[in-house]
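**Student:** have a look; sequence and predicted model below, questions after that.
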Amino acid sequence: MEWKAHYQRLFPEVQSISIEGSTDPNFNSIKSDKLPNLDSYFDNFFEVQKEGVKIVKQLNPKNKFLEDYLSIFPTLDFSKDKYRETIEPMLMIASNNGFRYMEEE
């Protein structure tokens, strides 16, 4: 079964979440090494991350993928504010090191 159909079958309550994000299909090919605007992309990014962890936790709770989130969410209970507080400084560090933000079209 195609992963998107499988995902939607398992989590019908998140049909409104765009799995690809709120961008056009060529997003990954044109973003290069530019940083995303947090205000424009964070909500969709957060929802996809949260649902990804939910899926892995349900289907394979011992998966090492989950370890990446334990330092932020020891119980794997996601908080949008806490996740944003973690992401924001990383974007600032990248910006301070010369990475530019993507242009909004």
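**Tutor:** Received the coordinates, thanks.
**Student:** if I look at Leu91, how far off is Pro61?
**Tutor:** Per CB to CB, to the nearest Å, Leu91 is found 31 Å from Pro61. From N, CA and C alone the C-beta is placed, and that goes for glycine too.
**Student:** who has more neighbours, these two?
**Tutor:** Between Leu91 and Pro61, Leu91 has the larger neighbour count (other CB atoms under 10 Å), namely 16 against 9.
**Student:** contacting residues for that one?
**Tutor:** Leu91 sits next to 35-36, 38 when contact means CB atoms under 8 Å, 6 or more residues apart in numbering.
**Student:** can you check Arg84 too?
**Tutor:** 38, 42, 46.
**Student:** check it and give its pLDDT.
**Tutor:** pLDDT, Arg84: 95.
**Student:** mind checking the SS state of it?
**Tutor:** Classification of Arg84 by DSSP: H, G, I helix; E, B strand; the rest coil places it in helix.
**Student:** so it versus Lys64, what's the distance?
**Tutor:** With distances taken as CB to CB, Arg84 is found 25 Å from Lys64.
**Student:** after the helix or strand bottoming out on mean pLDDT in the chain comes which helix or strand?
**Tutor:** Within the chain, no helix or strand scores below helix 27-30, which has a mean of 51 by mean pLDDT, DSSP states H and E. Downstream of helix 27-30, the next assigned helix or strand under DSSP states H and E is helix 38-59.
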